[in-house]
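>>> Here is my input, please return the structure:
(one chain, ligands or ions: 2)
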Amino acid sequence: MTADPQHLSPYLHFHREQWAHLRDSVPLSLTEQDLIDLRGIHDELSLDEVRDIYLPLSRLLNLYVKARQHRSKVIEQFLGTRSERVPYVISIAGSVAVGKSTTARILQALLEHWPEHPKVELITTDGFLYPNRVLEERGLMKKKGFPQSYDMRRLVNFVADIKAGKQRVEAPIYSHHIYDIIPDQVKVLEQPDILIIEGLNVLQSGMDYPHDPHRVFVSDFVDFSIYVDADKNLLKEWYIQRFLRFRKSAFSDPSSYFHHYSHFDEDDAAATASRIWDEINYPNLIANILPTRERANLILTKGGQHAIEQVRLRK
Ligand SMILES: Nc1ncnc2c1ncn2[C@@H]1O[C@H](COP(=O)(O)OP(=O)(O)OP(=O)(O)O)[C@@H](O)[C@H]1O
Ligand SMILES: CC(C)(CO)[C@@H](O)C(=O)NCCC(=O)O
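Numbering: from 1, shown residues only. Ligands and ions are numbered 1, 2, ... in the order given. From the prediction side, this is the model:
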(Lines give C-alpha, C1' and ligand atoms only; values in the text may rest on other atoms or scores of the structure.)
(Ligands and ions follow the chains in the order given, each with its own letter.)
Protein backbone atom coordinates (compact mmCIF):
# COMPACT_ATOMS: atom_id res chain seq x y z
CA MET A 1 0.00 0.00 0.00
CA THR A 2 1.40 3.42 -0.89
CA ALA A 3 1.05 6.21 1.62
CA ASP A 4 -0.88 9.01 0.03
CA PRO A 5 1.48 12.01 -0.10
CA GLN A 6 -1.21 14.58 0.44
CA HIS A 7 -3.36 12.49 2.78
CA LEU A 8 -6.18 13.87 0.73
CA SER A 9 -7.08 10.96 -1.47
CA PRO A 10 -10.16 9.10 -0.26
CA TYR A 11 -8.55 5.90 -1.60
CA LEU A 12 -5.90 3.43 -0.46
CA HIS A 13 -3.69 2.69 -3.48
CA PHE A 14 -2.30 -0.78 -4.21
CA HIS A 15 0.03 -1.84 -7.01
CA ARG A 16 -0.70 -5.25 -8.44
CA GLU A 17 1.99 -6.97 -6.34
CA GLN A 18 0.83 -5.36 -3.11
CA TRP A 19 -2.74 -6.38 -3.77
CA ALA A 20 -1.73 -9.93 -4.81
CA HIS A 21 0.03 -10.27 -1.45
CA LEU A 22 -3.33 -10.10 0.26
CA ARG A 23 -4.23 -13.45 -1.26
CA ASP A 24 -1.87 -15.18 1.22
CA SER A 25 -4.55 -15.22 3.79
CA VAL A 26 -7.37 -16.35 1.51
CA PRO A 27 -8.59 -19.48 3.25
CA LEU A 28 -10.37 -20.59 0.10
CA SER A 29 -8.57 -23.16 -1.96
CA LEU A 30 -9.85 -23.76 -5.44
CA THR A 31 -9.84 -27.28 -6.81
CA GLU A 32 -8.58 -28.17 -10.27
CA GLN A 33 -12.23 -28.47 -11.39
CA ASP A 34 -13.04 -24.97 -10.04
CA LEU A 35 -10.22 -23.56 -12.13
CA ILE A 36 -11.48 -25.38 -15.22
CA ASP A 37 -14.97 -23.98 -14.57
CA LEU A 38 -13.53 -20.46 -14.32
CA ARG A 39 -11.76 -21.05 -17.61
CA GLY A 40 -15.22 -21.68 -19.07
CA ILE A 41 -16.10 -18.06 -18.29
CA HIS A 42 -13.36 -16.78 -20.53
CA ASP A 43 -10.78 -18.75 -22.49
CA GLU A 44 -8.22 -15.95 -22.26
CA LEU A 45 -8.65 -15.44 -18.53
CA SER A 46 -5.25 -15.95 -16.97
CA LEU A 47 -5.16 -17.95 -13.79
CA ASP A 48 -2.51 -15.58 -12.40
CA GLU A 49 -5.16 -12.92 -12.70
CA VAL A 50 -7.63 -15.01 -10.72
CA ARG A 51 -5.08 -15.75 -8.00
CA ASP A 52 -3.49 -12.29 -7.77
CA ILE A 53 -6.51 -10.06 -8.22
CA TYR A 54 -9.86 -11.78 -7.95
CA LEU A 55 -9.16 -14.08 -4.99
CA PRO A 56 -8.09 -11.20 -2.70
CA LEU A 57 -11.09 -9.25 -3.98
CA SER A 58 -13.49 -12.10 -3.20
CA ARG A 59 -12.00 -12.27 0.31
CA LEU A 60 -12.54 -8.56 0.82
CA LEU A 61 -16.12 -8.79 -0.43
CA ASN A 62 -16.80 -11.79 1.83
CA LEU A 63 -15.68 -9.69 4.82
CA TYR A 64 -17.97 -6.84 3.78
CA VAL A 65 -20.95 -9.17 3.30
CA LYS A 66 -20.39 -10.81 6.67
CA ALA A 67 -20.16 -7.41 8.36
CA ARG A 68 -23.46 -6.42 6.73
CA GLN A 69 -25.12 -9.68 7.78
CA HIS A 70 -23.90 -9.07 11.32
CA ARG A 71 -25.30 -5.55 11.30
CA SER A 72 -28.69 -6.83 10.14
CA LYS A 73 -28.71 -9.28 13.06
CA VAL A 74 -27.99 -6.45 15.48
CA ILE A 75 -30.96 -4.48 14.15
CA GLU A 76 -33.20 -7.57 14.39
CA GLN A 77 -32.10 -8.18 17.95
CA PHE A 78 -32.77 -4.57 18.85
CA LEU A 79 -36.23 -4.57 17.26
CA GLY A 80 -37.04 -8.08 18.41
CA THR A 81 -38.23 -8.96 14.90
CA ARG A 82 -37.09 -11.19 12.08
CA SER A 83 -36.79 -9.36 8.81
CA GLU A 84 -36.70 -10.62 5.24
CA ARG A 85 -33.42 -11.96 3.92
CA VAL A 86 -32.00 -8.99 2.02
CA PRO A 87 -29.46 -9.55 -0.75
CA TYR A 88 -26.10 -7.80 -0.58
CA VAL A 89 -25.82 -5.73 -3.77
CA ILE A 90 -22.52 -5.22 -5.61
CA SER A 91 -22.43 -2.97 -8.68
CA ILE A 92 -19.85 -2.96 -11.48
CA ALA A 93 -19.50 0.09 -13.72
CA GLY A 94 -17.13 1.08 -16.52
CA SER A 95 -16.89 1.67 -20.27
CA VAL A 96 -18.37 -0.49 -22.98
CA ALA A 97 -15.88 -3.37 -23.63
CA VAL A 98 -13.80 -2.83 -20.47
CA GLY A 99 -14.83 -6.28 -19.23
CA LYS A 100 -17.65 -5.56 -16.76
CA SER A 101 -19.60 -8.71 -17.56
CA THR A 102 -16.46 -10.88 -17.47
CA THR A 103 -15.44 -9.38 -14.10
CA ALA A 104 -18.97 -9.94 -12.82
CA ARG A 105 -18.95 -13.60 -13.87
CA ILE A 106 -15.56 -14.25 -12.26
CA LEU A 107 -16.73 -12.66 -9.01
CA GLN A 108 -19.99 -14.60 -9.13
CA ALA A 109 -18.10 -17.89 -9.51
CA LEU A 110 -15.69 -17.06 -6.67
CA LEU A 111 -18.26 -15.63 -4.26
CA GLU A 112 -20.48 -18.71 -4.65
CA HIS A 113 -17.76 -20.74 -2.92
CA TRP A 114 -18.18 -18.99 0.40
CA PRO A 115 -20.56 -20.74 2.81
CA GLU A 116 -22.04 -17.45 4.04
CA HIS A 117 -23.43 -16.54 0.61
CA PRO A 118 -23.75 -19.48 -1.76
CA LYS A 119 -26.51 -18.01 -3.97
CA VAL A 120 -25.07 -15.25 -6.17
CA GLU A 121 -27.13 -13.81 -9.02
CA LEU A 122 -26.00 -11.59 -11.86
CA ILE A 123 -27.94 -8.91 -13.72
CA THR A 124 -26.90 -6.50 -16.46
CA THR A 125 -28.53 -3.09 -16.80
CA ASP A 126 -28.73 -3.72 -20.59
CA GLY A 127 -32.15 -5.24 -19.80
CA PHE A 128 -33.34 -1.78 -18.75
CA LEU A 129 -32.61 -0.20 -22.13
CA TYR A 130 -35.84 0.90 -23.80
CA PRO A 131 -36.90 -1.50 -26.58
CA ASN A 132 -35.79 -0.49 -30.10
CA ARG A 133 -39.40 0.52 -30.89
CA VAL A 134 -39.23 3.25 -28.24
CA LEU A 135 -35.64 4.24 -29.10
CA GLU A 136 -36.63 4.59 -32.78
CA GLU A 137 -39.64 6.77 -31.88
CA ARG A 138 -37.37 9.02 -29.82
CA GLY A 139 -34.54 9.11 -32.36
CA LEU A 140 -32.19 7.36 -29.94
CA MET A 141 -31.06 4.28 -31.91
CA LYS A 142 -27.56 5.73 -32.15
CA LYS A 143 -27.55 6.61 -28.45
CA LYS A 144 -27.75 3.13 -26.92
CA GLY A 145 -25.95 3.24 -23.59
CA PHE A 146 -26.54 7.00 -23.09
CA PRO A 147 -28.67 8.01 -20.08
CA GLN A 148 -31.74 8.74 -22.26
CA SER A 149 -31.69 5.17 -23.63
CA TYR A 150 -32.47 3.58 -20.25
CA ASP A 151 -35.69 3.27 -18.31
CA MET A 152 -33.90 4.49 -15.20
CA ARG A 153 -37.02 4.60 -13.05
CA ARG A 154 -37.67 0.95 -13.76
CA LEU A 155 -34.05 0.10 -12.91
CA VAL A 156 -34.21 2.04 -9.64
CA ASN A 157 -37.53 0.33 -8.75
CA PHE A 158 -35.94 -3.02 -9.50
CA VAL A 159 -33.02 -2.51 -7.09
CA ALA A 160 -35.35 -0.97 -4.52
CA ASP A 161 -37.51 -4.14 -4.65
CA ILE A 162 -34.42 -6.30 -4.24
CA LYS A 163 -33.30 -4.33 -1.19
CA ALA A 164 -36.81 -4.39 0.25
CA GLY A 165 -36.36 -8.17 0.50
CA LYS A 166 -39.15 -8.97 -1.98
CA GLN A 167 -39.37 -12.70 -2.51
CA ARG A 168 -39.70 -12.55 -6.28
CA VAL A 169 -38.35 -9.76 -8.47
CA GLU A 170 -38.32 -9.74 -12.27
CA ALA A 171 -35.79 -8.12 -14.61
CA PRO A 172 -36.18 -7.63 -18.38
CA ILE A 173 -33.55 -9.19 -20.66
CA TYR A 174 -31.58 -7.60 -23.50
CA SER A 175 -30.18 -9.70 -26.32
CA HIS A 176 -27.05 -8.61 -28.20
CA HIS A 177 -28.10 -11.12 -30.83
CA ILE A 178 -31.35 -9.39 -31.81
CA TYR A 179 -29.97 -6.03 -30.56
CA ASP A 180 -33.20 -5.50 -28.63
CA ILE A 181 -35.13 -6.35 -25.47
CA ILE A 182 -36.47 -9.90 -25.66
CA PRO A 183 -40.27 -9.62 -25.61
CA ASP A 184 -42.18 -11.61 -22.97
CA GLN A 185 -39.11 -12.94 -21.24
CA VAL A 186 -37.78 -11.98 -17.80
CA LYS A 187 -35.14 -13.11 -15.37
CA VAL A 188 -36.63 -14.04 -12.01
CA LEU A 189 -34.69 -13.39 -8.81
CA GLU A 190 -35.71 -15.09 -5.60
CA GLN A 191 -33.77 -13.60 -2.73
CA PRO A 192 -30.19 -14.38 -3.65
CA ASP A 193 -27.56 -13.87 -0.94
CA ILE A 194 -25.68 -11.53 -3.27
CA LEU A 195 -26.81 -9.69 -6.40
CA ILE A 196 -24.13 -8.39 -8.77
CA ILE A 197 -25.48 -5.72 -11.09
CA GLU A 198 -23.23 -4.62 -13.95
CA GLY A 199 -23.70 -1.83 -16.45
CA LEU A 200 -22.20 1.42 -17.58
CA ASN A 201 -24.84 3.44 -15.73
CA VAL A 202 -24.85 1.97 -12.20
CA LEU A 203 -22.95 4.90 -10.66
CA GLN A 204 -25.03 7.57 -12.39
CA SER A 205 -27.25 9.87 -10.36
CA GLY A 206 -30.06 12.36 -10.95
CA MET A 207 -27.76 15.00 -12.39
CA ASP A 208 -26.86 12.59 -15.21
CA TYR A 209 -30.57 12.49 -16.12
CA PRO A 210 -31.63 16.15 -16.61
CA HIS A 211 -34.25 14.91 -19.13
CA ASP A 212 -35.83 12.75 -16.40
CA PRO A 213 -34.80 14.03 -12.99
CA HIS A 214 -35.19 11.56 -10.14
CA ARG A 215 -34.07 11.71 -6.57
CA VAL A 216 -33.47 8.05 -5.79
CA PHE A 217 -30.50 6.40 -7.51
CA VAL A 218 -29.26 2.87 -8.06
CA SER A 219 -26.37 3.68 -5.72
CA ASP A 220 -28.85 4.24 -2.85
CA PHE A 221 -29.44 0.47 -2.89
CA VAL A 222 -25.92 -0.71 -3.61
CA ASP A 223 -23.72 -1.96 -0.77
CA PHE A 224 -20.40 -1.99 -2.65
CA SER A 225 -19.53 -0.44 -6.01
CA ILE A 226 -16.68 -1.26 -8.37
CA TYR A 227 -15.47 0.75 -11.39
CA VAL A 228 -13.38 -1.09 -13.98
CA ASP A 229 -11.05 1.36 -15.71
CA ALA A 230 -8.60 1.25 -18.63
CA ASP A 231 -6.84 3.63 -20.97
CA LYS A 232 -9.05 4.82 -23.84
CA ASN A 233 -6.75 3.33 -26.50
CA LEU A 234 -6.98 -0.11 -24.91
CA LEU A 235 -10.75 0.20 -24.67
CA LYS A 236 -11.05 0.95 -28.36
CA GLU A 237 -8.74 -1.96 -29.21
CA TRP A 238 -10.81 -4.35 -27.07
CA TYR A 239 -14.04 -3.08 -28.60
CA ILE A 240 -12.73 -3.68 -32.13
CA GLN A 241 -11.31 -7.11 -31.23
CA ARG A 242 -14.61 -8.19 -29.74
CA PHE A 243 -16.48 -6.92 -32.80
CA LEU A 244 -14.18 -8.92 -35.10
CA ARG A 245 -14.68 -12.02 -32.98
CA PHE A 246 -18.47 -11.57 -33.13
CA ARG A 247 -18.24 -11.20 -36.89
CA LYS A 248 -16.87 -14.74 -37.11
CA SER A 249 -19.28 -16.21 -34.55
CA ALA A 250 -22.54 -14.52 -33.56
CA PHE A 251 -22.95 -12.28 -36.64
CA SER A 252 -22.67 -15.26 -39.00
CA ASP A 253 -26.09 -16.45 -37.81
CA PRO A 254 -28.71 -15.09 -40.27
CA SER A 255 -31.03 -14.18 -37.37
CA SER A 256 -28.41 -11.83 -35.92
CA TYR A 257 -29.21 -8.13 -36.16
CA PHE A 258 -25.65 -7.58 -37.41
CA HIS A 259 -25.65 -10.47 -39.89
CA HIS A 260 -24.76 -8.09 -42.74
CA TYR A 261 -21.40 -7.40 -41.03
CA SER A 262 -20.41 -11.05 -41.45
CA HIS A 263 -19.94 -10.39 -45.18
CA PHE A 264 -17.47 -7.56 -44.50
CA ASP A 265 -13.79 -8.35 -44.87
CA GLU A 266 -11.62 -7.89 -41.80
CA ASP A 267 -10.50 -4.33 -42.67
CA ASP A 268 -14.02 -3.10 -43.38
CA ALA A 269 -15.33 -4.72 -40.20
CA ALA A 270 -12.54 -3.12 -38.13
CA ALA A 271 -13.28 0.28 -39.73
CA THR A 272 -17.00 -0.12 -38.91
CA ALA A 273 -16.24 -1.03 -35.29
CA SER A 274 -13.84 1.91 -35.05
CA ARG A 275 -16.55 4.26 -36.31
CA ILE A 276 -19.19 2.93 -33.87
CA TRP A 277 -16.67 3.39 -31.07
CA ASP A 278 -15.80 6.96 -32.08
CA GLU A 279 -19.40 8.03 -32.69
CA ILE A 280 -21.26 6.30 -29.84
CA ASN A 281 -19.31 4.49 -27.15
CA TYR A 282 -16.35 6.85 -26.71
CA PRO A 283 -18.45 10.05 -26.45
CA ASN A 284 -20.67 8.22 -23.93
CA LEU A 285 -17.62 7.22 -21.91
CA ILE A 286 -16.34 10.78 -21.73
CA ALA A 287 -19.67 12.48 -21.06
CA ASN A 288 -21.49 9.98 -18.86
CA ILE A 289 -19.38 7.10 -17.56
CA LEU A 290 -15.88 8.30 -16.68
CA PRO A 291 -17.21 11.22 -14.59
CA THR A 292 -18.81 8.64 -12.23
CA ARG A 293 -15.56 6.76 -11.55
CA GLU A 294 -14.69 8.45 -8.26
CA ARG A 295 -18.06 7.53 -6.81
CA ALA A 296 -16.98 3.88 -6.63
CA ASN A 297 -15.82 2.08 -3.49
CA LEU A 298 -13.18 0.26 -5.53
CA ILE A 299 -11.43 1.18 -8.79
CA LEU A 300 -9.68 -1.57 -10.77
CA THR A 301 -7.30 -0.23 -13.43
CA LYS A 302 -6.41 -2.57 -16.27
CA GLY A 303 -3.37 -2.53 -18.55
CA GLY A 304 -2.73 -4.62 -21.68
CA GLN A 305 -4.21 -8.14 -21.86
CA HIS A 306 -6.83 -7.09 -19.31
CA ALA A 307 -4.31 -7.47 -16.47
CA ILE A 308 -5.21 -5.33 -13.46
CA GLU A 309 -2.27 -3.10 -12.59
CA GLN A 310 -3.68 -0.95 -9.83
CA VAL A 311 -6.39 -1.25 -7.20
CA ARG A 312 -7.84 1.71 -5.33
CA LEU A 313 -10.02 1.03 -2.31
CA ARG A 314 -12.06 3.76 -0.68
CA LYS A 315 -10.92 4.29 2.91
N1 LIG B 1 -10.18 -10.67 -17.61
C2 LIG B 1 -10.19 -10.77 -18.96
N3 LIG B 1 -9.20 -11.43 -19.61
C4 LIG B 1 -9.20 -11.49 -20.97
N5 LIG B 1 -10.12 -10.93 -21.77
C6 LIG B 1 -11.13 -10.26 -21.19
C7 LIG B 1 -11.23 -10.14 -19.75
N8 LIG B 1 -12.31 -9.38 -19.47
C9 LIG B 1 -12.87 -9.07 -20.66
N10 LIG B 1 -12.19 -9.59 -21.69
C11 LIG B 1 -12.53 -9.39 -23.14
O12 LIG B 1 -12.77 -8.00 -23.34
C13 LIG B 1 -13.94 -7.77 -24.12
C14 LIG B 1 -14.97 -7.00 -23.34
O15 LIG B 1 -15.42 -7.79 -22.25
P16 LIG B 1 -16.94 -7.80 -21.74
O17 LIG B 1 -17.85 -8.26 -22.83
O18 LIG B 1 -16.92 -8.52 -20.44
O19 LIG B 1 -17.12 -6.23 -21.52
P20 LIG B 1 -18.32 -5.35 -20.98
O21 LIG B 1 -17.68 -4.25 -20.24
O22 LIG B 1 -19.29 -6.20 -20.24
O23 LIG B 1 -18.95 -4.83 -22.32
P24 LIG B 1 -20.44 -4.24 -22.66
O25 LIG B 1 -20.60 -2.98 -21.90
O26 LIG B 1 -20.40 -4.00 -24.14
O27 LIG B 1 -21.44 -5.29 -22.27
C28 LIG B 1 -14.44 -9.15 -24.52
O29 LIG B 1 -13.92 -9.44 -25.80
C30 LIG B 1 -13.85 -10.05 -23.47
O31 LIG B 1 -13.68 -11.33 -24.03
C1 LIG C 1 -25.81 -2.35 -24.92
C2 LIG C 1 -24.67 -1.37 -24.66
C3 LIG C 1 -25.21 0.05 -24.60
C4 LIG C 1 -24.06 -1.62 -23.29
O5 LIG C 1 -23.68 -2.91 -23.09
C6 LIG C 1 -23.57 -1.46 -25.74
O7 LIG C 1 -23.10 -2.75 -25.85
C8 LIG C 1 -24.07 -0.97 -27.11
O9 LIG C 1 -24.80 -1.63 -27.78
N10 LIG C 1 -23.66 0.25 -27.48
C11 LIG C 1 -24.15 0.87 -28.68
C12 LIG C 1 -23.18 0.87 -29.79
C13 LIG C 1 -22.64 -0.51 -30.09
O14 LIG C 1 -23.28 -1.26 -30.85
O15 LIG C 1 -21.59 -0.82 -29.53
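>>> Where does the prediction get shaky in this protein?
Counting by pLDDT under 70, the chain contains low-confidence residues at 1-6, 24-30, 32.
>>> Near ligand 2, which residues of it? Just list them.
Taking CB under 6 Å from any ligand atom as the contact definition, the chain meets ligand 2 at 96, 126, 144-145, 200, 276, 280-281. No exception for glycine: its C-beta is placed from N, CA and C like everyone else's.
>>> Please repeat the previous calculation with a cut-off of 8 Å.
Residues of the chain that fall close to ligand 2, judged by CB under 8 Å from any ligand atom: 96-97, 124, 126, 129, 142, 144-145, 149, 174, 176, 179, 199-200, 239, 243, 276-277, 280-281, 284.
>>> which of these are buried?
Among these, those classed as buried by 16 or more other CB atoms under 10 Å are 96-97, 124, 126, 129, 144-145, 149, 174, 199-200, 239, 243, 277, 280-281, 284.
>>> Please list the members of these that lie in helices.
239, 243, 284 (DSSP state H).
>>> Now the residue in the chain positioned nearest to ligand 2: closest residue in space, sequence neighbours ignored.
Nearest residue of the chain to ligand 2: residue 145, at 2.9 Å (CB to the nearest ligand atom). Nearest residue to residue 145 in three dimensions, chain neighbours excluded: residue 284, at 5.1 Å (CB to CB, 6 or more residues apart in numbering).
>>> for the residue of the chain closest to ligand 2, phi and psi?
phi 100, psi -20 (degrees, to the nearest 10).
>>> The residue nearest to residue 141 when sequence neighbours are not counted and residue 111: what is the separation?
Among residues not flanking residue 141 along the chain, residue 135 sits closest, at 5.1 Å (CB to CB, 6+ apart). Distance, residue 135 to residue 111, using CB to CB, to the nearest Å: 34 Å.
>>> Next: residue 57.
10 Å.
>>> coming back round to it: please list all residues in contact with the residue nearest to residue 141.
Listed by CB atoms under 8 Å, 6 or more residues apart in numbering, the contact set of residue 135 reads 129, 141, 143-144, 149.
>>> Let's see that with 7 Å instead.
141, 144, 149 (CB atoms under 7 Å, 6 or more residues apart in numbering).
>>> Hmm, the last one is touching residue 129, no?
Yes. Residue 149 lies in contact with residue 129 (CB atoms under 7 Å); the separation is 5.5 Å.
>>> Check the secondary structure at residue 197 for me.
Of the three states, residue 197 takes strand under DSSP: H, G, I helix; E, B strand; the rest coil.
>>> Return the distance of it relative to residue 284.
Distance from residue 197 to residue 284, counting by CB to CB: 19 Å.
>>> Just the closest of the ones in helices among the buried ones among the residues of the chain next to ligand 2 to residue 224, please.
Set against residue 224, the nearest of those by CB to CB is residue 284 (24.3 Å).
>>> and residue 233, what helix or strand is that in?
Using DSSP states H and E, residue 233 maps to helix 232-248.
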